[in-house]
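1. requesting a structural model of the entry that follows:
(2 chains)
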Amino acid sequence: MSVPRQQSAGPQALESSAIAWVIGALCMTLLPHAPYLPVWTLPMFLLTSGWRFWLAMHGGELPSRWIRLVLATGGFILVYTSQRGINGVAAGTTLLVVMIGLKMLETRTRRDSILLLVLAYFLILASFLREQGPVLAAYEALATWAVTSSLLQVTRHGRLLAPREALRIAGQFMLQALPVMLVLFLLFPRIPGPFWALPKASGAGVSGLSEEMSPGTLAQLSLSDEVAFRVNFAGQAPPTSRLYWRGPVLDKFDGRNWSRSNWSALPADMSSLAYQGPATDYTVSLMPNGKPWLLALDLPSQPLPPNARLNRQLQLVSLKPVNDRLSYTLRSYLDYQTLGPLSKRETNTYTYLPEGSNPRSQALARQMRGQAAGDTEFIQAVLRKFNQEPYVYTLTPRLLDMRNPSDDFLFNTREGFCEYYASSFAVLMRAAGIPTRIVTGYQGGEPNPFGDYMVVRQSSAHAWTEVWLQGQGWTRVDPTAAVAPERIELGLPDSLRLGDPMPGGLMRSVAILADMRMAWDLANARWDEFVLGYGPELQMDLLSRFGLNMPSPVQLVLIIFALVGAFLLLLTLYLARHYRPQTRDRALALYRRFIKKLAKAGYDTPMYESPKDLASRIGRQHPGIQGQLNLVVDSYLIARYRKTDRYELALEQLRKAVQEFKP
Amino acid sequence: MVRVLSTALDATRTRFRALVAGWARRRQGTDSLPRTLLRNRLYILPTKVAMVFGGILFVMLLGSMNYSNSMGLALTFMLTSLGLIAMHNCHRNLLELVVRSVSATPVFAGNTARFCVRIQNASPRTRYQVQVRIGDHSSDVQDIPSASTSDFLVEVPTEKRGVLRVGRLSVTSSHPFSFFRCWTWMHMDMQCLVYPQPAAAGIAPPQTDVDVGGALHEGPGNEDFAGLRPYRPGDSPRHIAWKAFARDNTLLVKQFTGTSLTTRWLDMEHAPGRDLEERLSLLCRWVLAAEAQGFSYGLRLPGMAVEPGCGRAQQARCLEALARYGDPAGGGINVRP
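-> Below you'll find the model as predicted:
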């Protein structure tokens, strides 16, 4: 009488197929980390998980506690030494991956694999700390799907679902979860962080302007196709040649490199600024640059964005480094004048040249200044020299002799990029005693034909000079314009000579690709603006459109509850439809409706009674509706049981009869 | 110290469970079959997995807010929402299942009683990971495909003969993700007859009790046809008068008389044993032996008797009489929430 109990796989045991699901999900979440991890990490993970899978297939014993302990310690030391600590995103991720790999070796039970999958979710989160572009987001959505399917599988008792079914069910859940996620994303009270210090590494790897400039700095940057910022002009955009985006001002020269002096720490004297001409209003959406610099059209005026100020050198700076996308609105005047004299100390700074550096340049400057009638004429003469002598504008110049780079450039190589010209020009000016500084920033921008905005890429990085002239104050002089006016008129790509490397190479030369590139940039811009840039400001903006002005967090939470509750109610109704037992037979469904009508009108409709019996019984009692009853029942019987070619006809008749039936 | 604490905790838990069980019992009353699982009798609570998951979501939320990381927040909210959806679907997964029947075939004491719970899924969706529990005992976890019925076997070990009574069973599922456990309790009197454990073969029933021919000469046998009588459950289908059935639509059984049929009375008076249970065990063995040898047999217990007969039905009647004798409880089952 006793039959041995059917042996289901123990309640906690893991099959090899469950392990395979876990490994698959982990691999998917690891992939985006691969380029950033030390090279040995991934092979190690694959080795341990392969080992674990092999054990699951062949039923071997898991490695002993001692082996695991040794491996774990070794792994930790390896991470600690290779990453110089365990702080920061990179080191943290590496440690996580190593520990996941080792955890594979002691994954025995369902609970262990649940833990691994939760860590997989963590890996997805970690990848977003590095980048949040739409492509990665789409990939990670897929990865989330995979991990969720995997979680569905390993939490099952007994046999796993077929892979397709697991994916289907998990996919359905994710779709159902989407509305609630959106509600939370849009309405969950956004508290501006950070609550604790951000690891330094998060700002690493962003490219942009730097505090220093030596020949070659900008040329390198110019090859990058990355977006520096995007601009939305409130009105007509000014012509490209007038778009000088002002960045760090470099005024300290050591003979080779330009860097920032202490003047940059002082605030601007706003009373010395005379704005002229029409104003230009625009909104900049700045990509993180890791520096406290805001790019602004030369020259921004009051009111400045919060947490921003103009420094003494008229650079717009923020109080904190820009580690996240930042959006700010500005009003600039393309024409302005600085009033008032330079102080003695300022003049000293701006005319300083190291003793004996670039002697030939200095001699040339003195000679040319002697021949010129005044400072302005001298400047014209130098620009003419650049323009008429065989100076060449190129991204790939010959290397300069770094002892006297300016001499080497002016008299020898005569080819270079904007910083070569700006630097040599500044040396000449200073040698002639004219206060001069170098301004770095961006020049120009590409209007996006699809969206009403302009993209400024790193490739638009530029350097120009400002000279201080008696009676005019600081005056912009762009020596590059003298050599390659098309650089300023048309932007960089169209100004390069054949054979120069070009940012975005092929993309620009084929029209359709160029269009696609612009459309893609538009998508990126919208993504940055509305998805990634969605924060407290946009949230309040959105809510105010619905008539909610500055709701408190409590109110927000209440709204969330209401919306989520409403959605769950809808979901309940939706699921109720999908779970409702189906009556495939349409005739039967109609007949049931008829019975329901009868019952509602108070007639007795016992289940055992056949349609004919029912019709004749009720018909006898209530002769008034006998005709209707017979019509319904007859057409029902034909439609249901005499399935001939007249089926549709009978069904139609039945539908009409039931519809018109009034007991 | 820890032990004291854990004991106290266990006691509290047990008392709490008893309280909850009592509350549910009062609330739901006694169920009848078939029973559809409706909203008012489905309970749902988060599991430990959900607690851990929730904690991790909180960490992810803090991290994402700290870095003002939109995609991190999106992921966190996706998973939060997934948890909510899991709760909803966990509940939906059991809703409107129909418990059609609970049955248990009698077993001998010491063997495993198997309660067969038949659950119907009329909906066009599969119901995943359903399990039936009785006390500490649970069935295998099964998926019930759409528009079909599955049997869940709950095996309960037996020790004593008698009637094994179960007051409550639960139908439960933690699909999906094991984040939530949804269950229902059904209260009804479910029984399994537990026959006495048959004593080892060896002691034969006393021969004095054997009636050969004599008074029962006219009694039913299977040698010579002696007429028809109405059908009684347990009669062999071979003896049914099928022709008569075809004619009159009534089931009749052909009766035979025969001298070779031996009738035995198995009497408790003659069963040796130290106590009642041992004697019942012995009687049980005798019943089985008599049936196996094809005897006609009857059973006499103090205060009652099973009239002689043969066949499976007779054996079942006798064994039931033995099981129910004195109506003892058939071993308790811990019913836990």
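2. near chain A, which residues of the stretch 151-300 of chain B show up?
-> B:Glu155, B:Ser174, B:His175, B:Pro176, B:Phe177, B:Ser178 (C-beta under 8 Å from any C-beta of the partner chain). All C-beta spots, glycine's among them, are computed from the backbone N, C-alpha and C.
3. among those residues, which are located in strands?
-> Members of those lying in strands (criterion: DSSP state E): B:Glu155.
4. and the two most separated of the residues of the stretch 151-300 of chain B next to chain A?
-> B:Glu155 and B:Phe177 (27.9 Å; C-beta to C-beta).
5. need the residues of the stretch 151-300 of chain B next to chain A in JSON lines with distance to A:Gly471, neighbour count and pLDDT, can you?
-> Below are those laid out as JSON lines (distance: C-beta to C-beta, whole Å; neighbours: other C-beta atoms under 10 Å in any protein chain shown; pLDDT from 0 to 100):
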{"residue": "B:Glu155", "distance to A:Gly471": "104", "neighbour count": "18", "pLDDT": "90"}
{"residue": "B:Ser174", "distance to A:Gly471": "84", "neighbour count": "25", "pLDDT": "91"}
{"residue": "B:His175", "distance to A:Gly471": "83", "neighbour count": "26", "pLDDT": "86"}
{"residue": "B:Pro176", "distance to A:Gly471": "78", "neighbour count": "26", "pLDDT": "89"}
{"residue": "B:Phe177", "distance to A:Gly471": "76", "neighbour count": "27", "pLDDT": "91"}
{"residue": "B:Ser178", "distance to A:Gly471": "81", "neighbour count": "25", "pLDDT": "90"}
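6. which among the residues of the stretch 151-300 of chain B next to chain A gets closest to B:Leu276?
-> Nearest to B:Leu276 among those, with distances taken as C-beta to C-beta, is B:Glu155, at 27.7 Å.
7. the closest residue to that closest one other than its chain neighbours and B:Gly273, how far apart?
-> The shortest distance from B:Glu155 to any non-neighbouring residue, by C-beta to C-beta, 6 or more residues apart in numbering or on different chains, is to B:Thr112 (4.7 Å). Applying C-beta to C-beta, to the nearest Å, the value for B:Thr112 to B:Gly273 is 25 Å.
8. and the next element down the chain from the helix or strand containing B:Arg168?
-> Element membership for B:Arg168, per DSSP states H and E: strand B:162-173. Next along the chain after strand B:162-173, taking DSSP H and E as the criterion, comes strand B:180-195.
9. count of residues packed around the residue nearest to A:Leu631 when sequence neighbours are not counted?
-> Using C-beta to C-beta, 6+ apart and skipping the chain neighbours, the partner closest in space to A:Leu631 is A:Ala657 (4.7 Å). Counted by other C-beta atoms under 10 Å in any protein chain shown, the residues lying close to A:Ala657 total 20.
10. surely A:Ala657 and A:Val632 touch.
-> Yes - using C-beta atoms under 8 Å, A:Ala657 makes contact with A:Val632 at a distance of 4.5 Å.
11. apart from its neighbours in sequence, what residue is nearest the residue of the stretch 151-300 of chain B found nearest chain A?
-> Per C-beta to the nearest C-beta, B:Ser178 is where the stretch 151-300 of chain B lies closest to chain A, at 4.0 Å. Distances taken as C-beta to C-beta, 6+ apart put A:Thr155 closest to B:Ser178, at 4.0 Å, once the chain neighbours are dropped.
12. report how many residues lie close to that neighbour.
-> For A:Thr155, using other C-beta under 10 Å, the count is 22.
13. go on, A:Ala576?
-> The burial count for A:Ala576: 13, using other C-beta under 10 Å.
14. with that, I have no additional questions.
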